[in-house]
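Enquirer: Got a sequence here, can you build the structure:
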Amino acid sequence: MSSTVDEAVAALRSGTVAIVPTDTVYGLAADPDSKDAVRELSRLKRRDETQPIALVAAGLDVLLERIPELRGRAERIAHALLPGPYTLVLPNPAGRYAWLAGSRPGTIGVRIPELAGSGRELLERVGAIAATSANLTGAADPRTLAEVPEELCAAAAALLDGGPLPGTPSTVLDFTGAEPLALREGAAPVADALRIVARLL
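Expert: Numbering: from 1, shown residues only. Below is the predicted model of the structure:
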């Protein structure tokens with residue numbers, strides 16, 4: 001049985017986990033300010049804590065409020081590609097949200113999804129979430145709420161239904177080095193993103 005946006009907001013603010021729709025796949029979400037809640041995401045997914053988890057923000061302004069060190073080069077890259085189906089790994093010199101960074105504390109993965117409906121309302125109300133795909137490690141990414149593993153649904157305090165989603169996870173690009181690095185080809189072509197960013201750098 002699905003939850004209301006109010007229930008999903010309450011779940012996140014109380015430090016528990018929620019299943020939420022994104023612009024790509026269903027996500028397992030938590031309050032990014034709660035280290036314990038973020039660690040619960042990894043535990044539920046049976047995922048090593050050295051693996052990073054993305055900070056998903058409602059907009060670039062929210063992202064910059066939370067990580068002001070992104071201003072400059074990283075901000076220009078984010079502005080060019082987001083909102084959209086990308087996860088950008090950017091320098092994080094202040095080590096903010098270290099519990100999201102996994103084994104790379106000087107970096108952070110960020111997303112600003114292009115959302116509608118309940119997913120958009122949720123994200124606008126909470127500002128940002130820590131999120132990873134709502135699957136068990138190595139399993140298929142869920143396109144519908146019904147495809148989310150039963151054990152994750154049972155562990156979540158709220159299940160927000162956003163209808164069928166595209167089903168392909170975000171494209172992951174690393175901009176922490178001298179040259180951009182494609183870590184995962186996903187919902188958007190890597191070549192398109194690199195072409196856009198090449199005009200900025």
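
Enquirer: CA atoms for contacts and neighbours, from now on please.
Expert: OK.

Enquirer: what's the burial count for K35?
Expert: Using other Cα atoms under 10 Å, K35 has 15 other residues around it.

Enquirer: make that P32, sorry
Expert: 22.

Enquirer: Look up how far P93 lies from it.
Expert: P32 is 18 Å from P93, where distance means Cα to Cα, to the nearest Å.

Enquirer: cool, and L44?
Expert: From L44 to P93 the distance is 29 Å (Cα to Cα).

Enquirer: who has more neighbours, the two?
Expert: Between L44 and P93, counted using other Cα under 10 Å, the more crowded position is L44 (18 against 13).

Enquirer: tell me which residues in the helix or strand containing that one are buried?
Expert: Assigned by DSSP states H and E, L44 belongs to helix 35-45. Within helix 35-45, the residues that count as buried by 16 or more other Cα atoms under 10 Å are 37-42, 44-45.

Enquirer: before we move on, what about stretch 8-25?
Expert: Those would be 8-12, 15-25, for stretch 8-25 by 16+ other Cα under 10 Å.

Enquirer: Closest to V148 out of these?
Expert: I19 (8.5 Å; Cα to Cα).

Enquirer: The closest one touches L28, doesn't it?
Expert: Yes - between I19 and L28 there is a contact under Cα atoms under 8 Å: 4.8 Å.

Enquirer: Find residues that contact each of these two.
Expert: Common neighbours of I19 and L28, using Cα atoms under 8 Å, 6 or more residues apart in numbering, are A134.

Enquirer: now the strands: where do they sit in the protein?
Expert: Taking DSSP state E to define them, one finds strands in the chain at 18-21, 26-30, 54-57, 86-91, 107-111, 128-133, 158-159, 171-174, 181-184.
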